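Undergrad: this is the structure alone, sequence omitted:
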């Protein structure tokens, strides 16, 4: 008697055999089985050799998958029925073999190094592989390691490579390709602030003021007199002088560099008051009756006209 499997498989008696192959990671669908006798059923079992622990028949008995490249032998048995071996009883069984060869997956596995977007002085990120076209539930390839040429603090804004390296093929995968990623490094932001206290009693031509400011980038801050205060105060060699009366506004800036963006400008303002004049002293204090007296004075520090009165 002959077991007939769809696709032209003929298992004759216990010596019938059929071979086939498929790629790692795909599921092989069992051909349907018929022995020409109504009511007969069939079972599948794994041969002891050369099967591995990963050689499995699906629970419904109609599919097969394999955990690695290699070969499996599957036994197909016709279980009883009316008279499967045509010898006049119902105790006969017919067993055939199905030998499957599992080949390497042909679709190239692509391993891409992860990318990252950072700002200057950020820590070096962990670079990991991103896999495409893995099969059979695999999540990684053994021996793959990733790195980057970005160095914290020593790198300036720009682009730095990330790469992965490892095997170019394995027993299960014919080809493994590697694709680089990138660390994109942008300028960091910074702020600037005054660290000196503005004078509370500044006066015209009074004591000078030396302001100071700092930037979070540790770059030097620049202090200038705002254009709106050019008639009130001036700055030279970092020292502010008071040349008028009104509001003195100072601007602190930090222009940035290859690693830092320019800081937002901050201002410090304070009032400059009038100065007190030196004491006026009347220097002509006596005269002769009937003649005029020319009044004179000394002292004072203003530029306005001096007026006289009788007390």
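TA: Received it, and whenever you're ready, just let me know what you need. All of these numbers come straight from a predicted model, not from anything done at the bench. Numbering: from 1, shown residues only.

Undergrad: okay, now the sheet partners of the helix or strand where residue 162 lies, with direction.
TA: Secondary structure assignment for residue 162, by DSSP states H and E: strand 158-165. Take DSSP bridges as the rule and strand 158-165 pairs in its sheet with strand 145-148 (antiparallel), strand 181-186 (antiparallel).

Undergrad: so who does residue 268 touch?
TA: By C-beta atoms under 8 Å, 6 or more residues apart in numbering, residue 268 lies in contact with 194, 198, 211, 249, 250, 252. Every residue, glycine included, has its C-beta placed from N, CA and C.

Undergrad: now do 7 Å
TA: By C-beta atoms under 7 Å, 6 or more residues apart in numbering, the contact set of residue 268 is 194, 198, 211, 250.

Undergrad: and if you look at residue 269?
TA: Counting by C-beta under 7 Å, 6+ apart, residue 269 makes contact with 247, 248, 249.

Undergrad: could you point out the helix or strand that follows the host helix or strand of it?
TA: Taking DSSP H and E as the criterion, residue 269 maps to strand 266-273. Per DSSP H and E, the first helix or strand lying C-terminal to strand 266-273 is strand 280-282.

Undergrad: strand partners (parallel or antiparallel) of that next one?
TA: With DSSP bridges as the test, strand 280-282 is paired with strand 297-299 (antiparallel).

Undergrad: hmm, who's touching stretch 152-167?
TA: 111, 113-115, 120-124, 127, 129, 141, 143-150, 176, 178, 180-187, 258-259.

Undergrad: now that stretch: buried residues?
TA: 155, 157, 160, 162, 163, 164, 166 (16 or more other C-beta atoms under 10 Å).

Undergrad: now the two most distant members of the residues you listed.
TA: The span of the buried residues of stretch 152-167, defined through C-beta to C-beta, is set by 157 and 166 at 30.6 Å.

Undergrad: and residue 251, what element?
TA: Here residue 251 sits within strand 246-253, counting by DSSP H and E.

Undergrad: my bad, should have said residue 197
TA: Of the helices and strands defined by DSSP H and E, none includes residue 197.

Undergrad: what is the neighbour count of it?
TA: 11 (other C-beta atoms under 10 Å).

Undergrad: that older thread, would TSV of the strands paired with strand 158-165 with mean neighbour count, distance to residue 216 and mean pLDDT be doable?
TA: As requested, these are exported to TSV (neighbours: other C-beta atoms under 10 Å; distance: least, C-beta to C-beta, whole Å; pLDDT from 0 to 100):
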stretch	mean neighbour count	distance to residue 216	mean pLDDT
strand 145-148	16	26	98
strand 181-186	19	16	97
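
Undergrad: by mean pLDDT, flag the weakest helix or strand of this structure.
TA: One helix or strand of the chain scores below all others by mean pLDDT, DSSP states H and E: strand 9-12, with a mean of 43.

Undergrad: closest to residue 204 out of the strands paired with strand 158-165?
TA: Comparing the strands paired with strand 158-165 under C-beta to C-beta, the one sitting nearest is strand 181-186, at 47.7 Å.

Undergrad: contacting residues for the residue nearest to residue 276 when sequence neighbours are not counted?
TA: Counting by C-beta to C-beta, 6 or more residues apart in numbering, the nearest residue to residue 276 once its immediate chain neighbours are dropped is residue 203, at 7.9 Å. Going by C-beta under 7 Å, 6+ apart, residue 203 touches 242, 272, 273, 274, 275.

Undergrad: ok, residue 262 to residue 203 distance?
TA: From residue 262 across to residue 203, the span is 35 Å (C-beta to C-beta, to the nearest Å).

Undergrad: and residue 227, backbone torsions?
TA: Phi and psi for residue 227, reported as degrees, to the nearest 10, are phi -60, psi -30.

Undergrad: and it, how many neighbours?
TA: Residue 227: 8 surrounding residues under other C-beta under 10 Å.

Undergrad: I'd like the numbering to begin with 31 instead of 1 from here.
TA: All right, first residue 31 from here; so that's residue 257.

Undergrad: any idea of the pLDDT on it?
TA: In this model, residue 257 is scored at 97, pLDDT.

Undergrad: now swap in the one 4 residues further on and tell me
TA: What the model reports for residue 261 is a pLDDT of 97.

Undergrad: surely it meets residue 275?
TA: No. Taking C-beta atoms under 7 Å as the definition, residue 261 is not a contact partner of residue 275, at 9.2 Å.

Undergrad: so between these two, which is more surrounded?
TA: Taking residue 261 and residue 275 together and counting by other C-beta under 10 Å, residue 275 has the greater number of neighbours (16 against 10).

Undergrad: sorry, back to before: most neighbours, which of the contacts of residue 233?
TA: Within the contacts of residue 233, most neighbours by other C-beta under 10 Å means residue 302, with 24 neighbours.
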